[in-house]
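Asks: fold the following for me, if possible:
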Amino acid sequence: MNWDWSVIWDYSPRLLEGAWLTLELVGLSGIFGILMAVPLALMRASAQPLLKGLAYGYIFFFRGTPLLVQIFLIYYGASQFDAVKDSFLWPILKEPYWCAIIAFTMNTSAYSAELIRGAIQAIPHGEIEVADALGMNQLTKIRRIILPRALGIVLPAYSNEFLLMLKSSALASTITLLDITGMARTIIARTYTPLEIFFAAGMMYLIMSAVLIGLFRLMELRVNRHKYISREG
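Replies: Predicted structure coming up:
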């Protein structure tokens, strides 16, 4: 079977447009997701049963149901309620772009919250006792001790979650968004060259994954540089 390599070159600008949309979806969802994940993780690690239960229910739902179902519930489900259509949220919820970001954000926040909770609980208890002995209040202790230490612990695992979110972003094409996968399917419908276009799309995902792995590796070296210095010493 002969491959038509020229079609990849001809449609590469369109695929790059899709790649940019993919990066937007993943980047915004990652930022919003981590902002939600931190308080959720603190609630999960809390000694208060109500806070712990609320966070557990949220995390259980979004980890226990498929991301595709969550996307459909937000995109198609919101339009079924007149109260939503008449609310200030409708200009956002009627747009597939924002529905995808909301679904990705809520999904990744649940997974990230569990990662951060595990990191918080992995902090040596002695460090918390030192903070208590210094008279730090809870907010200061969280800001200066717990979160910085948890970041160093969770970063390697969080990089895997971010990569999984990148690959899961292909589901955005199911609600008409022209990300890499959506754009590839549109091009294939015109050119009837599925192997060439999907190969090019796969290579774009691979390149983005490699760049993200490198960036997270640099972040890990910076955040945990004290570990590497101590090993060298």
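Asks: from Ile102, how far out is Asp82?
Replies: Distance, Asp82 to Ile102, using C-beta to C-beta, to the nearest Å: 20 Å. All C-beta spots, glycine's among them, are computed from the backbone N, C-alpha and C.
Asks: more crowded one of these two?
Replies: Ile102 (19 against 8; other C-beta atoms under 10 Å).
Asks: flag the helix or strand of the chain with the lowest per-element mean pLDDT.
Replies: helix 225-232 (a mean of 56; mean pLDDT, DSSP states H and E).
Asks: what stretches of this structure score poorly on pLDDT?
Replies: Within the chain, the segments meeting pLDDT under 70 span 1, 225-233.
Asks: is Ile123 in a helix, a strand, or coil?
Replies: The three-state label given to Ile123 by DSSP: H, G, I helix; E, B strand; the rest coil is coil.
Asks: show me the contacts for it.
Replies: Contacts for Ile123 (C-beta atoms under 8 Å, 6 or more residues apart in numbering) come out as Ile145, Ile146, Arg149, Ala150, Ile153.
Asks: again, only using 7 Å
Replies: Ile146, Arg149, Ala150 (C-beta atoms under 7 Å, 6 or more residues apart in numbering).
Asks: in helices only, show me those residues.
Replies: Among the contacts of Ile123, DSSP state H puts Arg149, Ala150 in helices.
Asks: and the contacts of Ile123, which is closest to Pro96?
Replies: Ala150 (34.3 Å; C-beta to C-beta).
Asks: grab the nearest non-local neighbour of that closest one.
Replies: Spatially, and ignoring its direct neighbours in sequence, Ala150 is nearest to Ala119 (4.0 Å; C-beta to C-beta, 6 or more residues apart in numbering).
Asks: and the host helix or strand of that neighbour, what's buried?
Replies: If you go by DSSP states H and E, Ala119 is part of helix 96-121. For helix 96-121, burial by neighbour count (16 or more other C-beta atoms under 10 Å) applies to 96-120.
Asks: can you pull the contacts of the closest residue to Leu25 other than its chain neighbours?
Replies: In this structure, Leu25 finds its nearest non-sequential neighbour in Ser169, 5.2 Å apart by C-beta to C-beta, 6+ apart. Ser169 sits next to Thr22, Leu25, Val26, Phe104, Asp179 when contact means C-beta under 7 Å, 6+ apart.
Asks: return the closest of the residues you listed with respect to Phe72.
Replies: Among those, Phe104 lies closest to Phe72 (C-beta to C-beta), at 13.4 Å.
Asks: list the residues that contact that closest one.
Replies: Contacts of Phe104 (C-beta under 7 Å, 6+ apart): Leu25, Ser29, Met165, Ser169.
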